[in-house]
Every structure is written in structure tokens, then in C-alpha cells.
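>>> sequence and predicted structure are below.
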Amino acid sequence: MFFVVGLVIGSFLNVCIYRIPRKKSLISPRSSCPDCHTHIRWYDNIPVFSYLLLRGHCRTCKAKISIRYPCVELLTGYLFAHLSVFVQYRHESPCVFTGYAALSCALIISTFVDLELLIIPNEVTFVGIPLALIFSVLCPGLHNEHQTVRNFSLFGISRLDAAVASILGMIVGGGLIFLCGVLGKWIFRKEAMGFGDVKLMSMTGGIVGWKLGVAIFFVAPFFGLLMAIPVLIRKKTHLIPYGPFLSLAALVCIFFQDYFIGIVDVYIQILTILFTGLHL
Ligand SMILES: [Zn+2]
């Protein structure tokens with residue numbers, strides 16, 4: 001059921017990926033073929049199935065439909081299904097699922113816009129950052145430190161804690177990428193990291209908290225290197241979208257959060273020992 005819901009939402013994310021960077025309305029007009037401008041009928045607009053039925057071509061003009069459409073739909077479907085199992089397995093509230101699912105949607109839009117146009121749209125991050133805080137307050141369970149709090153007592157102190165955790169996550173997540181960009185600019189004497197990545201990581205940190213924010217910061221470059229090397233050799237370009245790697249790292253860190261928080265905790269302990277040692 002979550003997979004099917006994900007497919008339908010993925011279909012809407014496709015609309016966002018195409019229209020948001022082109023500054024078009026998300027509601028009207030109805031979807032049409034970018035080549036012949038024929039309105040797409042409802043039976044040609046069924047996620048994945050219509051693409052397979054039409055074998056990836058427009059019914060009217062036979063123009064090729066991007067493989068991105070079914071990919072985004074399947075990816076969203078998969079993530080919704082995985083997240084629902086993940087949240088149930090951990091006995092989290094449905095609210096936690098909503099928070100993670102919303103973040104996944106924002107990451108999918110950012111990733112595919114970044115892959116195509118090398119930008120992360122402000123429309124996503126400027127909506128996502130305040131939403132991350134709102135989700136955290138509505139659902140303190142999102143922040144690992146407050147896993148025990150699952151009731152809905154309004155004005156409970158746990159909500160305040162979650163808000164603090166969310167803001168801290170935004171500052172640490174965005175701050176690390178920002179520092180990286182400043183350092184890169186100083187070393188390479190040119191723009192090393194886009195400001196879109198800073199905002200993307202602020203949004204993500206606002207949902208996952210500062211510890212996972214740190215984990216994502218260190219995991220993303222591994223994915224980046226794995227994929228950047230063949231791209232650099234083939235395309236001979238120095239511009240590589242970093243949003244997709246941050247997004248991938250964010251999802252991996254969410255699904256294996258106990259493991260990654262454990263690692264961050266070990267480093268915190270090591271640093272604490274080092275600093276107290278220096279004081280002694
Ligand atoms: Zn067409």
C-alpha cells in the first residue's frame with residue numbers, strides 16, 4: 001500500500017522536478033507532452049504502467065519520454081515502502097514516517113533537479129527548512145534523543161527539546177558544508193561548494209538532528225568519489241552535482257541511524273578524553 005502511495009506521490013514529484021526550476025505553476029495547466037503539447041490523458045498518466053505500455057514514447061508525436069519519470073516513481077514507491085517498514089519495526093509513530101517521507105520527497109526533487117541543471121531550487125529548501133522545524137515540534141520522536149516520547153501532550157517540554165535538536169541539526173548540517181565551501185574556495189581559488197548544498201543540509205539536519213548531520217557530512221564524499229571519478233574521466237567537466245550524494249548519504253544514515261549515531265558518539269568520547277586530557 002505504501003509502495004502504491006509512493007508511486008502516485010512520485011508522479012507528482014516528477015511534475016515538481018520539471019516545473020519548479022522552470023518557474024511554472026505546480027497546479028495548472030495539466031500535464032502535457034513537452035514536444036507536441038498534447039494534454040496527457042489520465043490513462044497515459046498512470047505511474048510506471050503507462051510508461052511501459054507506451055514503451056517510453058508520447059502517444060501522439062512518438063517523442064521519447066525520459067526514463068527519469070518511471071525511475072522517480074519507482075524510487076519514491078520503494079522509499080515509502082522501506083520507510084513504513086522501518087518505522088513500524090522501530091515502533092515509531094506514524095508522524096515519524098511522515099517526517100522522513102516528506103524529507104525523502106524534498107531530497108528526490110533536489111537530486112533530480114541538481115542532476116539536470118546543477119542547482120538545488122530554493123523553492124524546496126526555503127519551504128523545507130521551516131517545515132523541518134514544524135515536523136520536529138509536532139513529532140519529537142524524529143530526534144533520537146527523544147525516542148521515548150510518543151504521546152501528543154501539547155506544550156510538553158519534549159517538543160521544546162525537539163525544536164532545539166532540530167535547530168542544532170540545521171546549524172551543524174549546513175555549517176559543515178558552509179565551512180567546507182569556504183575552505184575549498186580559499187584553497188582552490190574558485191567556487192568549491194554551492195550554497196544550495198548548504199541549504200539542503202540545513203533542511204536535512206533539521207529532521208535528522210546534528211549527530212546524523214555530521215555522519216551524512218562524512219558519508220557523502222564516499223558516494224561522491226565512487227561516482228565522480230567516471231564522470232570526470234568521461235565528461236571532462238569539473239562541475240559535479242553534490243546534492244545527490246548528500247541525499248543518498250542522508251537516506252543511508254536514516255536507515256542505519258543507530259549504527260552511525262554510535263560511531264559519532266565514539267568520536268565525541270575520544271574528543272572529550274583528548275580535551276580533558278589536555279586540560280589535565
Ligand atoms: Zn508528444
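Structure's in. What do you need? Residues are numbered from 1 along each chain as shown.
>>> distance of Asn45 relative to Phe12?
11 Å (C-beta to C-beta, to the nearest Å). C-beta here means a position set from N, CA and C on the backbone, and glycine is covered the same way.
>>> ignore what I typed, I meant Gly141.
Distance, Gly141 to Phe12, using C-beta to C-beta: 26 Å.
>>> the two: which is more packed in?
Between Gly141 and Phe12, counting by other C-beta atoms under 10 Å, Gly141 is the more crowded of the two (23 against 16).
>>> tell me the confidence at that one?
We note a pLDDT of 86 for Gly141 in this prediction.
>>> equivalent analysis for the one 10 residues further on, please.
Note for Asn151: predicted pLDDT of 45.
>>> likewise the one 10 residues further on?
As summarised for this prediction, Asp161 has a pLDDT of 83.
>>> which residue ranges of the stretch 51-200 of the chain form helices?
68-89, 94-117, 122-138, 157-188, 195-235 (DSSP state H, counting those that start in this stretch).
>>> counting contacts, what elements does the last one pack onto?
Taking 3 or more C-beta pairs under 8 Å, 6 or more residues apart in numbering; DSSP states H and E as contact, the helices and strands that helix 195-235 lies on are helix 94-117, helix 122-138, helix 157-188, helix 243-255, helix 257-279.
>>> for the second one, give the mean pLDDT please.
Taken as a whole, helix 122-138 has an average pLDDT of 94.
>>> how far does it sit from the chain's center?
Relative to its chain's centre, helix 122-138 lies at 12 Å (C-alpha atoms, centre = their mean, to the nearest Å).
>>> residues of that helix that come out buried?
By neighbour count on 16 or more other C-beta atoms under 10 Å, the buried set for helix 122-138 is Glu123, Val124, Thr125, Gly128, Ile129, Leu131, Ala132, Leu133, Phe135, Ser136, Val137, Leu138.
>>> residues contacting the residue positioned nearest the centre of the chain?
Centroid check for the chain by C-alpha atoms, centre = their mean gives Leu107 as the closest residue, at 2.4 Å. Leu107 is in contact with Leu200, Thr204, Ser247, Ala250, Leu251, counting by C-beta atoms under 8 Å, 6 or more residues apart in numbering.
>>> most neighbours, which of those residues?
Going by other C-beta under 10 Å, Thr204 tops the contacts of Leu107 with 32 neighbours.
>>> quick check: that residue vs the ion, distance?
37 Å (C-beta to the ion, to the nearest Å).
>>> likewise Glu73?
For Glu73, the distance to the ion - C-beta to the ion - is 19 Å.
>>> quick check: that residue touching Ser11?
Yes: between Glu73 and Ser11 there is a contact under C-beta atoms under 8 Å: 5.6 Å.
>>> what residues are shared contacts of the two?
Residues touching both Glu73 and Ser11 by C-beta under 8 Å, 6+ apart: Pro47.
>>> in terms of neighbours, single out the busier of those two.
Taking neighbours as other C-beta under 10 Å, Glu73 and Ser11 compare with Glu73 leading, 24 against 21.
>>> tell me which element the nearest residue to the more buried one once chain neighbours are set aside falls in.
Counting by C-beta to C-beta, 6 or more residues apart in numbering, Gly10 is the residue found nearest to Glu73 once chain neighbours are left out, at 3.7 Å. Assessed by DSSP states H and E, Gly10 sits inside helix 2-19.
>>> could you give the angle of that helix to helix 122-138?
Calculated by axes from the mean of the first three to the mean of the last three C-alpha atoms, to 10 degrees, helix 2-19 forms an angle of 140 degrees with helix 122-138.
>>> can you list the buried residues in helix 2-19?
Judged by neighbour count using 16+ other C-beta under 10 Å, the buried positions of helix 2-19 are 2, 6-7, 9-18.
>>> by contact count, what packs against it?
helix 68-89, helix 94-117.
>>> fine, thanks again, bye for now.
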